[in-house]
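Q: Could you look at this predicted model? Sequence included:
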Amino acid sequence: MHVLITAGGIPLPGEQLYQQTLGKPKALVDVNGKPMVQWVLDAVSGSKQVDEIFIVGLSPNIKLASRKILHCIDTRNDALENVIAGVEALVRHDPRTNLFLLVSSDIPALTTEMVDWVISQASLADVDLQYFVIHRRDMEKRFPASRRTYTRFQDAELCAADIFLMKADKVLNPASRWRDLLNARKSPLKQAAIIGFDILFLMLLRCIKLQKAVQIITRRLDLTGRVAFTPYPEMGMDVDKDFQLEVVRKDLKRGLK
């Protein structure tokens, strides 16, 4: 399976992580002696189930180590364009591919074991998108200082992992409503307008179960999907803020001892 790692995003003055990056991509912030993206690349390239790896958002001149063939694609204007550019490069390189693994560069606690587990889920459902989530109790037990934001359902309280199984044809379809949702990722109001204010209201009141919400949302987005709980909280320990960077630095430092 081919893998696309998203590594775009440069913190601006006054934003979280700016003092750590000083105008460089967030993916290159130092985590215990190597760039954050290198931790993710080590985990992904260590999997026997991974074929070739595509990183979008970093210059090909940046030197990274990989045990698999690595392709780097320069950053575009925003997250959506980066994903589309990465998938276009992947499909040009291997027109036979459709299902691929999408991974964020800011989950440095990811391991090869976790990558293998996610890929193993591909055989369980033939859908456009497999979305992985983590129980709040598991995240707070593993990373008590993570201060993640949780979504509440009638039967679960969860946060999202930053790793997905996706189909390329759905990403490249210009009419796909998935694109609208990605563009609205930083606006809960816009997201609600896309998936429906009724669903948002039911979620706020915890009056809808997770799988029922998934059925309704995927239908409205015109895609097939599956949500699965992962036993690996590390897949959701992303680095968006300065304190989260310190959390993963301390955690990975313990692992190196």
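A: Right, received. Where do you want to start? Numbers count the residues shown, from 1 in each chain.
Q: Let me see the ranges of the helices in the protein.
A: 18-21, 36-45, 79-93, 112-120, 136-142, 168-172, 177-183, 188-195, 197-204, 210-220, 242-256 (DSSP state H).
Q: Output those in JSON lines; the columns should cover mean pLDDT.
A: Rendered in JSON lines, the data for the helices of the chain read as follows (pLDDT from 0 to 100):
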{"stretch": "helix 18-21", "mean pLDDT": "93"}
{"stretch": "helix 36-45", "mean pLDDT": "98"}
{"stretch": "helix 79-93", "mean pLDDT": "92"}
{"stretch": "helix 112-120", "mean pLDDT": "98"}
{"stretch": "helix 136-142", "mean pLDDT": "97"}
{"stretch": "helix 168-172", "mean pLDDT": "92"}
{"stretch": "helix 177-183", "mean pLDDT": "73"}
{"stretch": "helix 188-195", "mean pLDDT": "72"}
{"stretch": "helix 197-204", "mean pLDDT": "78"}
{"stretch": "helix 210-220", "mean pLDDT": "88"}
{"stretch": "helix 242-256", "mean pLDDT": "91"}
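Q: Quick one, which of the ones you listed gets closest to residue 53.
A: Of all these, it is helix 36-45 that lies closest to residue 53, at 6.0 Å by C-beta to C-beta. For every residue, glycine as well, the C-beta is placed using N, CA and C.
Q: tell me, what residue is most central in this protein?
A: Centrality entry for the chain: nearest residue to the mean C-alpha point is residue 162, 2.6 Å, by C-alpha atoms, centre = their mean.
Q: Not counting its neighbours along the chain, what's nearest that one?
A: By the measure of C-beta to C-beta, 6 or more residues apart in numbering, the closest residue to residue 162 outside its immediate chain neighbours is residue 104, 3.8 Å from it.
Q: pretty sure that neighbour contacts residue 161?
A: No - counting by C-beta atoms under 8 Å, no contact exists between residue 104 and residue 161, whose distance comes to 9.1 Å.
Q: Which one's more surrounded, those two?
A: residue 161 (27 against 20; other C-beta atoms under 10 Å).
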